[in-house]
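K.L.:
Here is my input; please provide its structure:
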Amino acid sequence: MGKGLGLLLAIHIGAGGLAIVLGAVALVAKKGGTIHRRAGLVFFCAMFVLGVTAAMLGNVGGGLMTVYFVGTALTTSW
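P.N.:
Residues are numbered from 1 along each chain as shown. Purely as a prediction, here's the structure:
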């Protein structure tokens, strides 16, 4: 794996871990509270980074997996 792909994968994994933790924080925090809002905002940003890096990493191999990933992303976001 190239140095660029390794960095991209590290960013992807870090954003995923952050999204898991902050998603849990947002779920248990009082709705509408400061902690809930901040955790939700950072969760959204982490998920955005996760999606962008997944699109880039999924394009490396090409083939049918890319079609699957794009189809999954479209069906879960609409």
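
K.L.:
Only C-alpha atoms from now on, for both contacts and neighbour counts.
P.N.:
Fine.

K.L.:
Which residues are in contact with residue 22?
P.N.:
39-40, 42-43 (C-alpha atoms under 8 Å, 6 or more residues apart in numbering).

K.L.:
And stretch 70-78, how far out from the chain middle?
P.N.:
13 Å (C-alpha atoms, centre = their mean, to the nearest Å).

K.L.:
let's have the chain start at 287 instead
P.N.:
OK, 287 is where the count begins now, so the last one is stretch 356-364.

K.L.:
Just the element for the spatially most central residue of the chain, please.
P.N.:
Centroid check for the chain by C-alpha atoms, centre = their mean gives residue 336 as the closest residue, at 2.5 Å. According to DSSP states H and E, residue 336 maps onto helix 320-347.

K.L.:
these two touch, right, the residue nearest to the centre of the chain and residue 302?
P.N.:
Yes: counting by C-alpha atoms under 8 Å, residue 336 touches residue 302, with 6.2 Å between them.

K.L.:
thinking again about what came up before, using TSV, lay out the contacts of residue 308 together with pLDDT and distance to residue 360.
P.N.:
What follows is these, written out as TSV (pLDDT from 0 to 100; distance: C-alpha to C-alpha, whole Å):
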residue	pLDDT	distance to residue 360
325	96	24
326	94	21
328	96	22
329	96	19
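
K.L.:
Make CSV out of the residues you listed and add neighbour count.
P.N.:
Shown next, in CSV, are those (neighbours: other C-alpha atoms under 10 Å):
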residue, neighbour count
325, 21
326, 19
328, 17
329, 23
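
K.L.:
from these, which single one is nearest residue 345?
P.N.:
residue 329 (24.2 Å; C-alpha to C-alpha).

K.L.:
quick revisit: starting from the helix holding residue 336, tell me the next helix or strand along the chain.
P.N.:
According to DSSP H and E, the helix or strand after helix 320-347 is helix 350-363.

K.L.:
packing partners for the least confident helix or strand in the chain by mean pLDDT?
P.N.:
Ranking every helix and strand in the chain by mean pLDDT, DSSP states H and E puts helix 350-363 at the bottom, with a mean of 80. Contacts defined by 3 or more C-alpha pairs under 8 Å, 6 or more residues apart in numbering; DSSP states H and E place helix 350-363 against helix 320-347.
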